[in-house]
Structure formats: C-alpha cells, structure tokens
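Q: Dropping a prediction and its sequence here:
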Amino acid sequence: MTWVLAWGAAMLTAPLAAADQHPPAIEERLAALERRNLELEREMQELRRLQPGARSDSPAAMKPPVPIPSSAEDSELALIDSRVHAALADQWQAGLHPDGGGFFLRSPDEKIQLKLLGYVQAQGTLTDGASDASFGHGDFRVRRARIDLLANFSDEYDLFLEFDGAATGGTALRIARINAKLSDDALQFSAGKFITPFSTANNVSSRNLDTIERYIALNSMFSLPALDTQIGAMLWGTVPAGRSRNAGEAGETFQPSFTYHFGVWNGNNSGGAETMDGVGGNARDANGAKEVQLKLRYQPAPALEFGLGFDYNDAATKELRLASLSGVPYIVVDVPGLRYGASADFLWTPGRFSLRGEALHFEFDDAGTRLSGGFLQAAAFITGDHSGGVQPLVRVEHAALEGGALSGIEGNAITAFTAGVNWFLNGNLRFQVNYIGEFYDGPGNAGIGGESFRNTVLGQLQFKF
C-alpha cells in the first residue's frame, strides 16, 4: 500500500516540477513584451535629448536611461544575430547604386565586382528653314541608347564594354577596354578600343554632358574621322604632386596630383557602326601610319584642374567637315597627309558653380590648312544638384578653317552661342533644352545657304541607371 501512495504522489508532483523548469508560453511572451517596452522607453529618452533646442538640464535629459535586464534568452538572440551577419558576409551582394550608378554584383571579399549601366537619350531638333537640313524644320531621333558592363578584379584589373544600339547603321561596339594596374595608380596599362585622352571635353561621358552637343571644332575632328574612340594601347597613371592638406570642414584631405597619358592608336575613329571597311564599329587600320597622343593633367586644388594634349598622325585622304551644332555641313575640304595638334583646357567647380573651357589647334601640313576653335562655358545650380535640381548654363564658342584648302570658298568660320537649362527630375531622369544661335561669315561650300545667322533649339530627355 505504501508504494501505491508514493507512486500517486510522484505523479501529482511531476507536472509541478516541470512547470517550475519551463514557465508557460504566456509568461515568456509577457517577459519579452516587458523588455521591448523598456527598450522603447530608452529610445524615446534618447530622441528627446537629440531634439533641436532640447535643454541638457531638462527632466527628460537628466533622467537616466532605463536599464534593460539581460537574460539567457538575450544572449541567445545576440548569438543568432551574429551568426546571421556572418552568413550574409559569406554571400554575394547585389543591389542598385543611386543616381544612375548602375546595378552591381559583389563578391563576399569585395575583390570582384560586376556593374551593369545604361542610358537612353531621346532628342528633338527645331531649326531655321534656312539651314536647309535634310529633315526640314524639325526632327526626332534616338541620339544614344547604350549598355555598359564593367568588371573589376582585385582592384588591379578591369574590363569595360559599351554597346550602342542607336549608332548610324545599326548596333555598334563602342568601347572594349582592358586596364591593368602595373604599379598601383602610378603606372597603368590600357588596351583595346576606348576614348583617346586628347580632349578633356570628349572624355566626359555622353550621359554626363552639360550641353546636348559637344563644341563645333571638336565635332569637326570627329568627321575626319579622328580622335574620339579608337583601337590602341596606352600607358597612364596618377602620381602625387604636393603634400596632403585639409580640404573641408568634415576633415577630408586633398593631395595635388599629376596625371599623364601616352598612347598609340590606329588613327581611325571606329565608334559608330558605319566604318571605312564596314566592320561595324571595329575597323582595322587603313594605312601604315599610327596616331600618337600625349595628355598631361594637373589638379592643384579640389575644385581646379588644368590639361594639355598633343596629337600626331600621318593619315590617308581625309575629309574635314565644319558643321552646325544641328549637324548641317557648312564647309567640307580634303586634308590628306600629316597633321599635328594641341589642346588646352581647364575646369573650376567652386560649389554649385562651374566654369570650364577648352581650345584646340590643328595643322594639316600636307594640305596647308589649319583648324582652330574652342569654347567657354559657365553653369550653376540654382536649386538642388545632380540628384534633383535645376542648372542653367551659357556657352560661347568659335571654330575656323584657314589655308590652302579654303581657296575659292567664301567664308571660313562659325561663332555660336548656347543658352540652356538642365532639369534633373532625380538622379536617373534629366530633361535638357538648348537654344543655339550660330553666325556664319559666308555661304561656305556645302550648300548651307546665304543666311548669315541661324537659330536652333535642341531638346533631350535622358534616362540612365
């Protein structure tokens, strides 16, 4: 009988003991809620102290933070949280950079990164009938539609590819460049197809141009074709040019720098789909001559840069076209044989304001002809910035041809004025309007007509990611 009573007592006390070891679920939830309430109260106290104008001797500020009791459960949660972070650190990361910075895929150790970027520019043109454009008074077109792929490996090697779906004649390979750091930033090697460094204005990506079109004298060189995108190889680098110093209130430092570029190219502009041998944006050289360029750039201050460029080429027969910013030819002449030229530029960007300019001069020795020209441009954000704002600008420019190839041609120069505005709706979407007034000092030889002054309005909507 005694063993029966003992067995019954054990059966009655076992649930009570188990209850003591494992509290009911409702008690666990109440304890968690109490801890969360204490956390919220402490956060509210901290926010009151951080409010603008809050006094340090106010009751809320003087009240000590509410202590949060620690427990085995808290420790377990912290351990789980650290394990989650460790697991994420071992995973590839993907995302989208803001303001048109592109999609990215990054390795856990950040030694490999892939970026996909792109942009489309839809453009409208309205010009004087006197310009005698093939499209008459008005025209709509897709100016550019480009996809870019950038791959970085160990911060020492990178590959850049760009395709243009709006190139004349069809889709074109615009850029295919490989770059390797031979000695950090000081000595690098680039090879493939890429934009030559001669003109700083040309090295600004089309997705970031302040004006809808680049300046007339530079466009004339593209017509040869020359400069712009070519196939070749280049040594370049950036080295310190002074001691580091404070550059702002946030504690940033700035070190003056000197950048050099020296390269050899085929001498054929092959950026578009229609090239001299019909390869579709990947033309081989048409003669034994090569194009040699040297570019030097100096940045003495965060908001100030200067550049000098030099170019040499002995090419086959070339046709130089001096044309309006709407693309209507004014003077067309042949300039075969040896040419050499120089460029100079500067950029000053104090705050919301920017002032930039560039000038170039080319001698076509065998043709006894010279091309000179340049521009000066001022722009300023009256509201916001490139992530969302309004930026009016003005630009004046001049381009002139002189020498033997102009014999018998009345007129030799274009002077143009551009007034425009860039409206950045956000970092991805921008609307541009440019009014252009152009003065011609004669009728030229390309049938542009007898009117000496022409008006053109360009509008462009750009989306980029």
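A: Thanks, I have the structure now. Residues are numbered from 1 along each chain as shown.
Q: Check which residues of stretch 315-330 are buried.
A: By 16 or more other Cβ atoms under 10 Å, the buried positions in stretch 315-330 come out as 315, 318, 320-330. Every residue, glycine included, has its C-beta placed from N, CA and C.
Q: Let me see the mean pLDDT of it.
A: Mean per-residue pLDDT for stretch 315-330: 86.
Q: Show me the shaky parts of this structure.
A: 1-77, 79-80, 83-89, 129-134, 248-251, 269-281, 316-317, 449-450 (pLDDT under 70).
Q: if we can go back for a sec, would you point out the most distant pair within the buried residues of stretch 315-330?
A: Taking Cβ to Cβ as the measure, these span a maximum distance of 27.5 Å, between A315 and S326.
Q: follow-up on the earlier one: for A379, state which of the buried residues of stretch 315-330 is nearest.
A: A379 lies nearest to L325 out of those, by Cβ to Cβ, at 17.2 Å.
Q: so who does the closest one touch?
A: 213, 216, 219, 416, 418, 436, 438, 456, 458 (Cβ atoms under 8 Å, 6 or more residues apart in numbering).
Q: So which residues of the stretch 301-450 of the chain form helices?
A: For the stretch 301-450 of the chain, no helices are identified by DSSP state H, counting those that start in this stretch.
Q: could I get the buried residues of stretch 315-330 as CSV with distance to N268?
A: Shown next, in CSV, are the buried residues of stretch 315-330 (distance: Cβ to Cβ, whole Å):
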residue, distance to N268
A315, 9
K318, 10
L320, 15
R321, 16
L322, 21
A323, 20
S324, 25
L325, 25
S326, 26
G327, 21
V328, 25
P329, 21
Y330, 24
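Q: Give me the subset of those residues that lies in strands.
A: 315, 320-323, 329-330 (DSSP state E).
Q: mind putting those residues in TSV, distance to G309 included?
A: Formatted as TSV, those follow (distance: Cβ to Cβ, whole Å):
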residue	distance to G309
A315	18
L320	19
R321	21
L322	21
A323	22
P329	26
Y330	25
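Q: wait, which of these is closest to D99?
A: After measuring these against D99 - Cβ to Cβ - the closest member comes out as A323, at 33.5 Å.
Q: which residue sits closest to the closest one, ignoring its sequence neighbours?
A: Closest residue to A323 apart from its sequence neighbours, by Cβ to Cβ, 6 or more residues apart in numbering: P329 at 4.8 Å.
Q: doesn't A446 make contact with the one you found?
A: Yes. P329 is within contact range of A446, at 3.7 Å (criterion: Cβ atoms under 8 Å).
Q: got any residues that touch both of the two?
A: 321, 323.
Q: how far does stretch 436-446 stretch from start to finish?
A: 20 Å (Cα to Cα, to the nearest Å).
Q: Give me the buried positions along it.
A: 436, 438, 440, 443-446.
Q: These: which two are farthest apart?
A: Maximum distance among these (Cβ to Cβ): 22.1 Å, for I436 and N445.
Q: element containing N268?
A: Secondary structure from DSSP states H and E places N268 outside every helix and strand.
Q: What about it, how many residues nearby?
A: Using other Cβ atoms under 10 Å, the number of residues around N268 comes to 23.
Q: what secondary structure does the residue nearest to it when sequence neighbours are not counted sit in?
A: In this structure, N268 finds its nearest non-sequential neighbour in A283, 5.0 Å apart by Cβ to Cβ, 6+ apart. Classification of A283 using DSSP: H, G, I helix; E, B strand; the rest coil returns coil.
Q: separation between A283 and I147?
A: 21 Å (Cβ to Cβ, to the nearest Å).
Q: go on, G403?
A: 42 Å.
Q: The residue nearest to F135 when sequence neighbours are not counted in helix, strand or coil?
A: Excluding the flanking residues, the one nearest F135 by Cβ to Cβ, 6+ apart is T125, at 7.3 Å. Following three-state DSSP, the label given to T125 is strand.
Q: could I get stretch 143-158 in PDB with only the CA atoms?
A: Provided in PDB are the C-alpha atoms of stretch 143-158 (Å, rounded to 0.1, in the frame of the first residue of the first chain):
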ATOM      1  CA  ARG A 143      20.600  60.100 -80.100                       C
ATOM      2  CA  ARG A 144      22.100  57.300 -78.000                       C
ATOM      3  CA  ALA A 145      21.000  54.000 -76.500                       C
ATOM      4  CA  ARG A 146      23.900  52.400 -74.700                       C
ATOM      5  CA  ILE A 147      24.500  49.500 -72.300                       C
ATOM      6  CA  ASP A 148      27.700  49.300 -70.300                       C
ATOM      7  CA  LEU A 149      29.300  46.400 -68.500                       C
ATOM      8  CA  LEU A 150      32.200  47.000 -66.000                       C
ATOM      9  CA  ALA A 151      34.000  44.100 -64.300                       C
ATOM     10  CA  ASN A 152      36.600  44.800 -61.500                       C
ATOM     11  CA  PHE A 153      39.000  42.100 -60.300                       C
ATOM     12  CA  SER A 154      41.100  42.600 -57.100                       C
ATOM     13  CA  ASP A 155      41.200  46.400 -57.700                       C
ATOM     14  CA  GLU A 156      44.000  45.700 -60.200                       C
ATOM     15  CA  TYR A 157      42.300  44.700 -63.400                       C
ATOM     16  CA  ASP A 158      39.100  45.900 -65.000                       C
END
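Q: what about that stretch, distance to the chain center?
A: 11 Å (Cα atoms, centre = their mean, to the nearest Å).
Q: Contacts made by that stretch with the rest, please.
A: Here stretch 143-158 has contacts from 102, 111-123, 159-166, 174-175, 178-181, 206-207, 212, 460, using Cβ under 8 Å, 6+ apart.
Q: Out of those, which end up buried?
A: Looks like the contacts of stretch 143-158 have 102, 113-115, 117-123, 160-164, 166, 174-175, 178-179, 181, 206-207, 212, 460 buried, using 16+ other Cβ under 10 Å.
Q: Understood, closing this out.
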